[in-house]
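>>> after the sequence you'll find the predicted model.
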Amino acid sequence: MTAQEIFDKAAVGLLTQKAKSYLVNPDGHESMVCAYRGANGKKCAAGFCIEDSLYTESMEKNTITGVIQQFGLKELAVHEVLLSTLQSIHDGVSIDNWKAELLHLAKTKGLSTEKIDNL
């Protein structure tokens, strides 16, 4: 995947989902721990870029750097910094501010915002 494809997948996914992805507790309720794959099919920004066939629950509670290294996701390794930044937007920015942060990220990285301009 290119940097643009990573950005588009994560940004469109987040802005369409309009919710954070959290791990589910044994009681069935969402925890406050962000998840690559969470309740009700939600995903975090980096989670949108991990193919379903490669995902495993043991990825949870790891940074994207750890996931890339531990699970051999070589195609994502070149975009580790971008994925980490996208993950930080999901985890640390309020949902209402996601679009502004994504637009700023795209500008600083020289990426197109065409796919999210109307979301």
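Everything's here; your move.
>>> ok, and what's touching stretch 94-111?
If you take C-beta atoms under 8 Å, 6 or more residues apart in numbering as the criterion, stretch 94-111 is touched by 3-4, 7, 11, 14-15, 18-20, 82, 85-86, 89-90, 93, 112-113, 116, 119. From N, CA and C alone the C-beta is placed, and that goes for glycine too.
>>> what about burial for those, which qualify?
Under a neighbour-count criterion of 16 or more other C-beta atoms under 10 Å, the subset of those counted as buried comprises 3-4, 7, 11, 14-15, 20, 82, 85-86, 89-90, 93, 113, 116.
>>> just how off-centre is stretch 10-21 within its chain?
Relative to the centre of its chain, stretch 10-21 is centred 8 Å away, using C-alpha atoms, centre = their mean, to the nearest Å.
>>> give me the mean pLDDT for the longest strand anywhere in the chain.
When secondary structure is assigned using DSSP state E, the longest strand within the chain turns out to be strand 30-34. The average pLDDT for strand 30-34 rounds to 84.
>>> what lies in contact with it?
20-25, 38-39, 44, 60-61, 87, 90-91.
>>> can you do 10 Å?
Surrounding strand 30-34, the residues in contact under the criterion C-beta atoms under 10 Å, 6 or more residues apart in numbering are 19-25, 38-40, 42, 44-47, 60-61, 87, 90-92.
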